[in-house]
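J.: based on what follows, work out the 3D shape:
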Amino acid sequence: MARAPVARRAAPAVAVLRVLGAVLLLGIAVIHGYLWQQGYRGIDVIGPAFLLDTALAVGGAVLVLVAPRRWLPAVAAAGALLAAGTLGALLVSTTVGLFGFVESTAAQLWWESFWVEAAATVVLAALAVLARPPRR
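T.: So this is what the prediction gives:
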């Protein structure tokens, strides 16, 4: 019996990663939207960045769910870059500061943010790789 093409064997994993990636992007959006409402909106540059991150993460989640299969690798890669950039900003703001703002690991939802952003980066990067069309 012939083996199923790689794309067909990867289909269940792609479906699971699609949903998980979208949920993680929504998690990023919820955390940043909540923190923006709780007072981060009053911080120069950081406040607008939190609001932008919220909007981009919601849009990314929708795109990950509805993108046609041929666009999925690019959409997932963009989502992974968004999550990685958000994670990078969190780490920079916690260590050396970002735009004059220094965060602390004791801040509200810091650890939740860290894990959701790290997981989103990994899941969406894996999705970008698995969703690639097979080589001819």
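
J.: lowest-confidence helix or strand of the chain?
T.: helix 6-37 (a mean of 90; mean pLDDT, DSSP states H and E).

J.: after that helix comes which helix or strand?
T.: helix 46-66 (DSSP states H and E).

J.: for the helix or strand harbouring residue 79, packing partners?
T.: In this structure, residue 79 sits in helix 72-95 according to DSSP H and E. Packing contacts for helix 72-95, counted by 3 or more Cβ pairs under 8 Å, 6 or more residues apart in numbering; DSSP states H and E, involve helix 6-37, helix 46-66, helix 110-130. For the C-beta atoms, the positions are set from N, CA and C on the backbone; glycine is no exception.

J.: please name whichever of the ones you listed is nearest to residue 102.
T.: For residue 102, the closest of the helices and strands packed on helix 72-95 is helix 46-66, at 10.6 Å, according to Cβ to Cβ.

J.: find the nearest non-adjacent residue to residue 102, please.
T.: residue 93 (6.6 Å; Cβ to Cβ, 6 or more residues apart in numbering).

J.: so that neighbour makes contact with residue 104?
T.: No - in this structure residue 93 lies outside contact range of residue 104 using Cβ atoms under 8 Å: 9.4 Å.

J.: tell me which of those two has more neighbours.
T.: residue 93 (19 against 9; other Cβ atoms under 10 Å).

J.: please read off the pLDDT at that one from the model.
T.: pLDDT recorded at residue 93 is 94.

J.: and the residue lying closest to residue 78 once chain neighbours are set aside, how many neighbours does it have?
T.: Distance criterion Cβ to Cβ, 6+ apart; nearest residue to residue 78, sequence neighbours excluded, is residue 60 at 6.8 Å. By the measure other Cβ under 10 Å, the count of residues near residue 60 is 27.
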